[in-house]
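[1] Structure here, sequence nowhere to be found:
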């Protein structure tokens, strides 16, 4: 084989050096190819941690109240929950993710996250529990390190949830004419209801909601305004016949599996099967709202362990 002339070799070497300098200077990684949800044979459920803190220096609040946001790429169903901790050793945290895996109804799907150690540990524990207790086959998948666009559909869900939470907080403050403290326990329920509202009422490009895509029927239940004071009928049997049948509370959200209402009271957050609206002036009650207590991981503080 004959070697190319010296002049040709010099030109080739110079062109190679120019190419290397151009690549090194631009410093671009490989592009992220957008994959349509329908093009995947297996459904993908993406999850990520996010925070409501807007300022970067607000590190303490960020660590104190992580939010787990998950979304299914097939139906667009979104679930978001404020967690007491990121640790997968907390049973409540693990069950939040497991309950979503069960609710979606897939026998086999992909669970996608980034490579943060906390969420990897949480995903591992949730996958193990779902497989051993419910026989669900879940394939773990991670996005490349520092490449959030590759998990873009989850990032988009986080942004939508946080935007709606801010809207709910602002509307409640205007409705009750009060400034709600950022650490008030009722705001933890606004995070859950934001995802529930998006899944039930927000329509996609196809004109359908996530609720319709998942259940093949429209959502027809009327809901009160978030934080609205109302009268509710407690779920289950009445503990006392002397106590009033209809009790006052504020609307905080709905339960996905049963579609029961979550009602905030001064004793804690409880389930309700029926509700009645008050007159318009009576629906706003700032002192009552601010006295309500309870979080998703401890709905009734006087009864620890009740979820």
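    Noted; the coordinates are in hand. Everything numeric in this text was worked out from a predicted model, so none of it was measured. Numbers count the residues shown, from 1 in each chain.
[2] what's the closest non-adjacent residue to the spatially most central residue of the chain?
    By CA atoms, centre = their mean, the chain has its centre lying nearest to residue 80, at 1.9 Å. Nearest non-adjacent residue to residue 80, counting by CB to CB, 6 or more residues apart in numbering: residue 195, 3.9 Å away. The C-beta positions use only the backbone N, C-alpha and C, and glycine is treated the same way.
[3] My guess is the one you found contacts residue 82. True?
    No: the criterion here is CB atoms under 8 Å, and residue 195 misses it with residue 82 at 11.1 Å.
[4] Between those two, which has more neighbouring residues?
    residue 195 (26 against 22; other CB atoms under 10 Å).
[5] For the more buried one, pull up the helix or strand it's in.
    helix 186-201 (DSSP states H and E).
[6] May I see the buried residues of that helix?
    Buried positions in helix 186-201, judged by neighbour count with 16 or more other CB atoms under 10 Å: 186-200.
[7] after it, next one along is what?
    Heading C-terminal from helix 186-201 (DSSP H and E), you reach helix 210-215.
[8] Could I get the buried residue list for the helix or strand just after that following helix?
    Per DSSP H and E, helix 210-215 leads on to strand 229-234 as the next helix or strand towards the C-terminus. Neighbour counts over strand 229-234 (16+ other CB under 10 Å) mark 229, 230, 231, 232, 234 as buried.
[9] and the longest helix seen in the chain with strand 229-234, angle?
    Ranked by residue count under DSSP state H, the longest helix found in the chain is helix 152-176. Counting by axes from the mean of the first three to the mean of the last three CA atoms, to 10 degrees, helix 152-176 points 110 degrees away from the direction of strand 229-234.
[10] for helix 152-176, packing partners?
    Helix 152-176 sits against strand 44-50, strand 67-72, strand 78-82, helix 186-201, helix 286-291, with contacts defined as 3 or more CB pairs under 8 Å, 6 or more residues apart in numbering; DSSP states H and E.
[11] Flag every buried residue along it.
    Neighbour-count burial for helix 152-176 flags 153-155, 157-158, 160-162, 164-165, 168-169, 172, 175-176 (criterion: 16+ other CB under 10 Å).
[12] For burial, what's the neighbour tally of the spatially closest residue to residue 140 that is not a sequence neighbour?
    Spatially, and ignoring its direct neighbours in sequence, residue 140 is nearest to residue 111 (5.6 Å; CB to CB, 6+ apart). Residue 111 has 23 neighbours, counted by other CB under 10 Å.
[13] Doesn't residue 111 belong to a strand?
    Yes: assessed with DSSP: H, G, I helix; E, B strand; the rest coil, residue 111 lies in a strand.
[14] That one and residue 128 touch, don't they?
    No: in this structure, residue 111 is not within contact of residue 128 by CB under 8 Å, at 11.5 Å.
[15] What is whichever strand or helix holds residue 102 packed up against?
    Per DSSP H and E: residue 102 is located in helix 91-104. If you count contacts as 3+ CB pairs under 8 Å, 6+ apart, helix 91-104 packs onto strand 44-50, strand 67-72, strand 78-82, helix 117-134.
[16] repeat that with 10 Å
    Judged by 3 or more CB pairs under 10 Å, 6 or more residues apart in numbering; DSSP states H and E, helix 91-104 is in contact with strand 44-50, strand 67-72, strand 78-82, strand 108-113, helix 117-134.
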